[in-house]
Structures are given as structure tokens and as C-alpha cells.
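Undergrad: sequence below, structure please.
(chains A and B)
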Amino acid sequence: DSGVTQTPKHLITATGQRVTLRCSPRSGDLSVYWYQQSLDQGLQFLIQYYNGEERAKGNILERFSAQQFPDLHSELNLSSLELGDSALYFCASSGAGANTEAFFGQGTRLTVV
Amino acid sequence: AQSVTQLDSHVSVSEGTPVLLRCNYSSSYSPSLFWYVQHPNKGLQLLLKYTSAATLVKGINGFEAEFKKSETSFHLTKPSAHMSDAAEYFCVAQGGYSTLTFGKGTMLLVSP
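TA: Purely as a prediction, here's the structure:
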């Protein structure tokens, strides 16, 4: 158990809908990362937050947004969903120091039908 | 900027034979380097990490990796493969507080 909790584990929704994925980082970790993993694109970095502030942005679509709350949990919002958004979405967290490893949650499998 | 190249998308070995998964990195400074493993439908698990201490790093499940600055490599090895090692392996670089840069992954196949 990595200590990173993601909910829900599975999500099935229709095209055009909006969903929210939730991540609780390990206790004390200030950084949260979101990744998308699909068969054709592999593991893609979406966005990173550090102590509530956006720190880095990757290949995140404009239809997607994220935030990190004062209690350090994070949410990834996906809207106007398309079939191609079907993927495994991972959250990871890491500590405050430089060069600290990230711990990954088990992921949320999103299926858009 | 940094990048990570995993030289093989697939590696096939027989159970009991050595494993070598190759990783090269490119960075303008000395990054921290990690290897993660992902079993089917599971999250990523940290195998080992290098953070500028000893160049030979030992990880879990008998894996180890050697950092070679002159070759900008961080190859993952294991003396004897086990069936349970079949999974996808990711080499990752991180510089300072920057985000993690993943390689494209190497699928390890282990046959009996």
C-alpha cells in the first residue's frame, strides 16, 4: 500500500459528461501529480500541484482542470468527455524535499461510452 | 530540460536467466533517477532510486541498477528472473523540484 488513495477505482460515463477524480496524498506529502495512461499514448504527465499551487503543467487538455485543496487532497475534473479520454488516471504524491520519490495510487479507470 | 530513453520496448527472458533493462537519460544537471514497476492493472511501485550517493543501487525483489555518468545510463538488472517479475518497467528522471520525466516503458516477458 503506497498510502495514496484514489477514488473511485472505476468510472463508466457517457460522452459529453463531466467527472471528478479524487486523490488523497500520503500523509505529509505536499506535491501531487496527475498522469494519464492509455494504450496508445503510454504514461502522460498532466499536471503537478505543490502545497495548493500549480507547479508544472504537461499535456493537459483545456477540457481538463485540477486543483489541490488546503487539506492537500486533489481533484481532477474532466469535462465534455470523449471516447478517447478513456484511460487509467494515476495520482502520485511526493514529499517537500528535492529529488524525493513519488508514490502512486492504484489509479482510476475511466471508460467513456 | 531532461529526457529518458528506454532502449527496448520489450525484453523476453527465460525464468532463472539474467535480466537487463536499459535506460539512458539526458539532463543539464545531475538528476535523481528511479525505476518503477507496474503489474497489470496495478499502480506503479518504486523499485529503487539513485540520488547521487552510491552509484550501485539495490532495490526490492533482487533488482539493482548502476548509475554511469560517463554513459548517462541507469540500467536495471537482476541475476535471475522469476515469473512474478513479468511486468512493465519505467525509468524516471527528476531534477530538483521539477516534475518526473518518464521513459516509455519496457515490458518484461518471462517464460518458464
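Undergrad: how about chain B: which residue is closest to chain A?
TA: residue B:32 (3.7 Å; C-beta to the nearest C-beta). Backbone N, C-alpha and C define where each C-beta goes, glycine included.
Undergrad: so how far is residue A:93 from that residue?
TA: Taken as C-beta to C-beta, to the nearest Å, the spacing of residue B:32 relative to residue A:93 amounts to 16 Å.
Undergrad: ok, those two, which is more surrounded?
TA: Between residue B:32 and residue A:93, counted using other C-beta atoms under 10 Å in any protein chain shown, residue A:93 has the larger neighbour count: 28 against 20.
Undergrad: isn't that one right next to residue A:27, touching?
TA: No - counting by C-beta atoms under 8 Å, residue A:93 stays clear of residue A:27, with 9.5 Å between them.
Undergrad: now for these two: what residues contact both?
TA: Common neighbours of residue A:93 and residue A:27, using C-beta atoms under 8 Å, 6 or more residues apart in numbering or on different chains, are residue A:3.
Undergrad: which helix or strand contains the most centrally placed residue in chain A?
TA: Residue closest to the mean C-alpha point of chain A, counted by C-alpha atoms, centre = their mean, is residue A:34 at 3.2 Å. Element membership of residue A:34 [criterion: DSSP states H and E] is strand A:31-38.
Undergrad: which strands and helices sit next to that strand?
TA: The helices and strands touching strand A:31-38, judged by 3 or more C-beta pairs under 8 Å, 6 or more residues apart in numbering or on different chains; DSSP states H and E, are strand A:42-50, strand A:74-78, strand A:87-94.
Undergrad: quick one: contacts for residue B:5?
TA: B:23, B:24, B:25, B:26, B:103.
Undergrad: enumerate the residues of chain B near chain A.
TA: B:31-32, B:34, B:36, B:41-46, B:49, B:51, B:90, B:94-102, B:104-105 (C-beta under 8 Å from any C-beta of the partner chain).
Undergrad: residue 112: neighbouring residues, count only.
TA: No chain was given, so I picked chain A. Count around residue A:112 with other C-beta under 10 Å applied: 19.
Undergrad: oops, wrong one, chain B.
TA: So residue B:112, with other C-beta under 10 Å, has 6 neighbours.
Undergrad: correct me, but it touches residue B:17?
TA: No - counting by C-beta under 8 Å, residue B:112 does not reach residue B:17; the two are 11.5 Å apart.
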